[in-house]
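Undergrad: Below are the sequence and a predicted model; questions follow.
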Amino acid sequence: MLWIVLGIVSLILLGTVAAVLLLVGGSAQSVTAPSAPSAPTKSTATTATEPTASAQPSAPPIAILSQFAPLLADVNADGHDDLVTEIALRGSGPATQHYVAFDGLTGRELSRSAAIADDRTDTLPVVVGRRLITATHAGQLTSYGLANGSQQWTTALGARVIAFCAAKSVDSLLVSTDEQRQLAIDLTTGRQSETKEPCSLVLARSDRSGDPRDRHDYSAPRGVESYHCGGVTVMGDANYTVPDQCLARAHVDTDHLDGLIGHRLWKVEQNWLVFGVRKPGAYVPMVGLIKGGRVAWKAEVPQDNPLEAQEGSPQGIALAGSNVIATYATDKSRRLFVTAFALADGTRRWTTPLPDQVTSLSSLTSSAERVFVLANEQLFLLDAGSGKIAGNARSEPLISVRGALLATFRAEGNTIRRSRPGCHLPRHHRRPGRFDRWGRPRA
């Protein structure tokens, strides 16, 4: 009996040992089998990542120099105004300048010119149809097709351009030079010829003209009659006095309006938009409408406490459809705001604060659908109806390149820098002595 029990125990022990050996062997196979393909799997993933990164290198930053305020043109023929401006491409080598057109609704780049070889100092641009015409300080006139950015022609004038004017022929452009010549430029070929056709509509004027007798406000939309108010006295080689054009031409005494003093007038239909400051009291920026020589409505530009806003006339003004657009800044933080009033009755339609770091306005431009604000080297696109920020060509973080603050644009890192005269520059960029602290021309 004892031997039977010992035999059974021996069989059980042998079965247990065999089972353990089988388990160990099976475990070794299960670990070893997947380990072979695991190494190539990791290697394959790494190999796929590397060529993807090398095939799509990051684009070099692009700075919108904006020597001129953005110009409007329907570049892609979609019935909406687009933006035309100048950029600098900053790669590993020297920066190159280009003219670029951006979609006015989305900020997408539509076309770009080849690198510009001419000296960009004091360039005067104008858009005629779907062409960009530029005149350099050296008197070189060049035409670019905005549809594809190609150079169409270039010609030397032998004189500097004072103004571009509309011609009777749609295929021509009038050019006034500093030699007091009037030239007709064929827009198709660039051929120039002397003409006696007068400059009845100024499309763009150079700052070098400096004629104190010209009191037109060239920041107004094209075709809008506009004036800087106040008389001017000139003493020196020639002594003369320029009367107040707001009184002489518009028959509006802006010094004696009800509740405000006017600094600028824009004609809208048969009425006059007036931009100025509150009177009496603090010099709060104001806007109003004059009908029949009387103030039909007036409004303080700041939405909240007006005494917290910087004093003086509205920094930037524009027309967008049935709205009057104006900007203002707080006195302490200098934060910028954009606000809109109904042209008919002065009702405030909307007010949009720009980001906290945006404190320096360069220019304000508008179309029927968008308000374009160039400030702190960023371009903001606001919906003209609601004031909502539709984008700044692409909403991406700010980056710093060679000490300049740059705002990333759609797909290629496009950025903006400060604009040149012709728009409302920050105080430290204005020519000293031409205006007093309230924005009125000095005598």
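TA: Arrived safely, thanks for sending. Numbers count the residues shown, from 1 in each chain.

Undergrad: Now do the contacts for residue 167.
TA: Residue 167 sits next to 173, 174, 184, 197 when contact means Cβ atoms under 8 Å, 6 or more residues apart in numbering. (C-beta placed from N, C-alpha, C; glycine too.)

Undergrad: Just the buried subset of the residues you listed, please.
TA: Burial by neighbour count, 16 or more other Cβ atoms under 10 Å: within the contacts of residue 167 this picks out 173, 174, 184.

Undergrad: For the nearest residue to the last one once chain neighbours are set aside, the count of nearby residues, please.
TA: Counting by Cβ to Cβ, 6 or more residues apart in numbering, residue 184 lies nearest to residue 195, which is 4.1 Å off, once chain neighbours are set aside. Neighbours of residue 195 under the rule other Cβ atoms under 10 Å: 16.

Undergrad: Would you check how far apart residue 195 and residue 134 are?
TA: From residue 195 over to residue 134 the distance is 21 Å, taken as Cβ to Cβ, to the nearest Å.

Undergrad: what does residue 291 give?
TA: Distance, residue 291 to residue 134, by Cβ to Cβ: 41 Å.

Undergrad: Name the residue in these two with the higher neighbour count.
TA: Applying other Cβ under 10 Å to residue 291 and residue 134 shows that residue 134 carries more neighbours, namely 21 against 12.

Undergrad: List every C-alpha atom in the helix or strand where the more buried one lies, with coordinates, as PDB.
TA: Assigned by DSSP states H and E, residue 134 belongs to strand 131-135. The C-alpha atoms that make up strand 131-135 are tabulated as PDB, following Å, rounded to 0.1, in the frame of the first residue of the first chain:
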ATOM      1  CA  ARG A 131      -2.100  98.300 -61.200                       C
ATOM      2  CA  LEU A 132       0.300  99.600 -58.500                       C
ATOM      3  CA  ILE A 133       2.300 102.600 -59.700                       C
ATOM      4  CA  THR A 134       5.300 103.700 -57.700                       C
ATOM      5  CA  ALA A 135       7.600 106.800 -58.000                       C
END
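
Undergrad: closest to residue 224 among the buried ones among the contacts of residue 167?
TA: The closest of the buried ones among the contacts of residue 167 to residue 224 turns out to be residue 174 (Cβ to Cβ; 19.5 Å).

Undergrad: coming back round to it: now distance to residue 346 too, for the buried ones among the contacts of residue 167, in JSON lines please.
TA: Putting those into JSON lines (distance: Cβ to Cβ, whole Å) gives the following:
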{"residue": "173", "distance to residue 346": "38"}
{"residue": "174", "distance to residue 346": "38"}
{"residue": "184", "distance to residue 346": "44"}
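
Undergrad: In strands, which of these fall?
TA: Using DSSP state E, the members of those that fall in strands are 173, 174, 184.

Undergrad: still on that earlier bit, return the distance of the residue nearest to residue 184 relative to residue 182.
TA: Residue 195 is 5 Å from residue 182, where distance means Cβ to Cβ.

Undergrad: surely residue 206 meets residue 162?
TA: Yes - counting by Cβ atoms under 8 Å, residue 206 does reach residue 162; the two are 5.4 Å apart.

Undergrad: More neighbours: which of the two?
TA: Per other Cβ under 10 Å, whichever of residue 206 and residue 162 has more neighbours is residue 162, with 24 against 20.

Undergrad: Can you pull the phi/psi pair for the more buried one?
TA: Main-chain dihedrals, residue 162, degrees, to the nearest 10: phi -90, psi -40.

Undergrad: For residue 238, grab the count of nearby residues.
TA: Residue 238: 7 neighbours (other Cβ under 10 Å).

Undergrad: Next, the contact list for residue 199, please.
TA: Counting by Cβ under 8 Å, 6+ apart, residue 199 has contacts 163, 165, 174, 176, 182.

Undergrad: which residue ranges form the helices in this structure?
TA: Taking DSSP state H as the test, the helices found in the chain are 2-55, 245-248.

Undergrad: Could you tell me the least trusted of those?
TA: Looking at the helices of the chain, the lowest mean pLDDT belongs to helix 2-55 (a mean of 42).

Undergrad: quick one: residue 74 and residue 80 touch, right?
TA: Yes - Residue 74 is within contact range of residue 80, at 6.6 Å (criterion: Cβ under 8 Å).

Undergrad: so how far is residue 149 from residue 102?
TA: Applying Cβ to Cβ to residue 102 and residue 149 gives a distance of 12 Å.

Undergrad: got it, and residue 376?
TA: Distance of residue 376 to residue 149, given as Cβ to Cβ: 27 Å.

Undergrad: And for residue 390?
TA: Using Cβ to Cβ, residue 390 is found at 24 Å from residue 149.

Undergrad: try residue 157
TA: 23 Å.

Undergrad: check contacts around residue 290.
TA: By Cβ under 8 Å, 6+ apart, the residues touching residue 290 are 252, 257, 265, 271, 272, 273, 274, 296.

Undergrad: neighbour-wise, which of the contacts of residue 199 leads?
TA: Neighbour counts for these (other Cβ under 10 Å) peak at residue 174, which has 23 neighbours.

Undergrad: quick one: buried residues of stretch 168-177?
TA: Here stretch 168-177 shows 172, 173, 174, 175, 176, 177 as buried, counting by 16+ other Cβ under 10 Å.

Undergrad: Over to stretch 282-300?
TA: Neighbour-count burial for stretch 282-300 [16+ other Cβ under 10 Å]: 283-290, 295, 297-300.

Undergrad: Next: stretch 219-229.
TA: Quick answer for stretch 219-229 (16+ other Cβ under 10 Å): 219, 220, 226, 227, 228, 229.

Undergrad: could those residues go into TSV alongside pLDDT?
TA: Output for the buried residues of stretch 219-229, formatted as TSV (pLDDT from 0 to 100):
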residue	pLDDT
219	86
220	89
226	94
227	94
228	93
229	94
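
Undergrad: Let's have these in JSON lines, adding distance to residue 95.
TA: Formatted as JSON lines, the buried residues of stretch 219-229 follow (distance: Cβ to Cβ, whole Å):
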{"residue": "219", "distance to residue 95": "29"}
{"residue": "220", "distance to residue 95": "33"}
{"residue": "226", "distance to residue 95": "36"}
{"residue": "227", "distance to residue 95": "40"}
{"residue": "228", "distance to residue 95": "36"}
{"residue": "229", "distance to residue 95": "41"}
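
Undergrad: just curious, which of those residues is nearest to residue 322?
TA: For the buried residues of stretch 219-229, the minimum distance to residue 322 (Cβ to Cβ) is 16.9 Å, reached by residue 220.

Undergrad: which residues does the closest residue to the closest one other than its chain neighbours bridge with?
TA: Excluding the flanking residues, the one nearest residue 220 by Cβ to Cβ, 6+ apart is residue 226, at 3.6 Å. The partner list for residue 226 in beta bridges (DSSP bridges) reads residue 266.
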